[in-house]
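S.K.: Build me a structure from this.
(one chain, ligands or ions: 2)
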Amino acid sequence: MRKKLYALLILMLLSPLVADDEQLLKSAKRAGLKPIPTDKEELFALTDPKNVMTPDRVELGKQLFFDNRLSADETINCSSCHDLTKGGADDLPVAIGIKGQLNPHHLNSPTVYNAVLFERQFWDGRSPDLEDQAQGPMTAPFEMGMTPQLAEERINAVPEYVEAFKNAYGKDVKITFEKIAATIGIFERTLVTPSRFDDYLNGDMNALTKKEKKGLMTFIDRGCINCHTGVAIGGSMKPFAIADDFKFQDVGDFKGDINGLVKVPSLRNVTLNSPYFHNGTVVKLKDAIKEMSRIQLSITEIDDSELDDLVIFFKALEGRKPKIKMPNIPKKRDKK
Ligand code: HEC
Ligand code: HEC
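M.R.: Ligands and ions are numbered 1, 2, ... in the order given. Okay, the predicted model is just below:
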């Protein structure tokens, strides 16, 4: 009898917790937060709308992503600024291209991880997808400094690449600049990083600790989810510096798109991607959160425990990276 009573008592004590847990999961979903699909088919449907991903194309795209041939002086490649062993970016405030050139707009390299989940690419959203986006850095004079013709000549001159393009697209393939960029885009579509937060959204109530759940609650209650939401926890275009001026607005000349909207960065892996903001001016994550609260939500008082909770929650967004085996880049031959 007594045992039964105890059991009942424990159940009564626990039940509000269970109810809170379910409530929180419901609020997260209501706020638009979505997991990266675990199901391969579903993930494909989400990440592969216009390109057919095949293993050959992914492998070829990976080679091109890491090949210095795609920069004018053959010194850098995509991974120079988007390091996949880190958070998918470069840890620098401002991107550095060929010949040590700093980005003239003082722009920070965003991560390529989960970029496939974004509605638009670039800080001002000027590109619709990864295939299109990849043309930009190759031809930017201060990044890789190529011309489309030079990229085509260089790749067509490598027998291993000609063979690989044929394998990937059929023997009549023409290796154009657009095809090169699109193939890199296909590789980038594989760069998604599901985290413990996704496990939680998929119904594993124990995937997050109590503290992380508290952080999630703060994230929802404080209104961050107005912009940092969806499967990318960001990725759409939103107004910036709504309630007050951004402290470092004058660093660089970036003003957003024609409507002043800025691409909301994904908060997936945000703990790995300091410095923050389009101009890389804020080093500490807590300072970035404080700045965000003030300028986007008019919250001037955010206490330390809330900041701690948010950072703890953000750590749970560090995802499981796909295993990237370094590709074999075709060797350079001596010119005859
Ligand atoms: C010199 C450093 C540098 C190199 C090299 C570079 N990038 Fe970037 N990348 C950046 C910067 C800076 C931005 C933001 C530019 C902007 O918004 O105008 C960016 C933006 C992106 C984005 C958009 C992500 C987002 O959040 O909107 C993707 C995707 C990307 N780069 C992929 C690539 C690929 C693929 C290559 C190789 C073809 C490449 N990058 C080469 C620095 C670099
Ligand atoms: C009205 C939309 C909006 C709201 C609300 C909002 N953000 Fe942001 N957030 C943005 C935009 C846009 C940027 C990029 C601004 C820039 O760099 O120019 C950003 C940037 C960030 C960054 C820097 C990320 C990086 O990689 O550079 C962090 C961290 C961040 N937000 C956290 C938060 C938190 C925490 C909250 C809630 C307290 C919040 N945001 C509320 C739109 C929003």
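
S.K.: Now Ala182. Nearest residue, chain neighbours left out?
M.R.: Setting aside the residues directly before and after it, Ala182 is nearest to Glu131 in space (Cβ to Cβ, 6 or more residues apart in numbering), at 4.0 Å. No exception for glycine: its C-beta is placed from N, CA and C like everyone else's.

S.K.: quick one: the helices in the stretch 1-150 of the chain?
M.R.: 2-30, 40-47, 55-65, 78-81, 130-133, 135-139, 148-156 (DSSP state H, counting those that start in this stretch).

S.K.: Do you have the strands of this protein handy? List them.
M.R.: According to DSSP state E, the chain carries its strands in the segments 237-239, 261-263.

S.K.: can I assume Asn114 is in contact with Leu191?
M.R.: Yes - counting by Cβ atoms under 8 Å, a contact exists between Asn114 and Leu191, whose distance comes to 7.0 Å.

S.K.: ok, the residue nearest to Ala182 - contacts?
M.R.: Contact criterion Cβ atoms under 8 Å, 6 or more residues apart in numbering gives Lys50, Asn51, Glu178, Ala181, Ala182, Gly185, Ile186 as the residues in contact with Glu131.

S.K.: Can you pull the residues of the stretch 51-200 of the chain lying near ligand 1?
M.R.: Counting by Cβ under 6 Å from any ligand atom, the stretch 51-200 of the chain comes close to ligand 1 at 76, 78, 80-82, 95-97, 103, 107, 109-110, 112, 115, 118, 121-123, 130, 133-134, 137-138, 143-144, 184, 188.

S.K.: Whichever of these end up buried, select them in ChimeraX.
M.R.: In ChimeraX, selecting the buried portion of those, with burial taken from 16 or more other Cβ atoms under 10 Å, looks like this:
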select :76,78,80,81,82,95,96,97,103,107,109,110,112,115,118,121,123,130,133,134,137,138,143,144,184,188
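
S.K.: what does stretch 94-102 rub up against?
M.R.: The list of residues contacting stretch 94-102 from outside it, by Cβ under 8 Å, 6+ apart, reads 71-73, 75-76, 81, 90, 103, 106-109, 140-145, 279-280.

S.K.: Now with 6 Å, please.
M.R.: Applying Cβ atoms under 6 Å, 6 or more residues apart in numbering, the external contacts of stretch 94-102 come out as 71-73, 75-76, 81, 103, 106, 109, 142-143, 145, 280.

S.K.: Equivalent analysis for stretch 235-245, please.
M.R.: The list of residues contacting stretch 235-245 from outside it, by Cβ under 6 Å, 6+ apart, reads 117-120, 125, 227, 261-264, 266, 294-296, 298.

S.K.: Out of those residues, which end up buried?
M.R.: 117-118, 120, 125, 227, 261-264, 266, 294-296.

S.K.: That'll do, ta.
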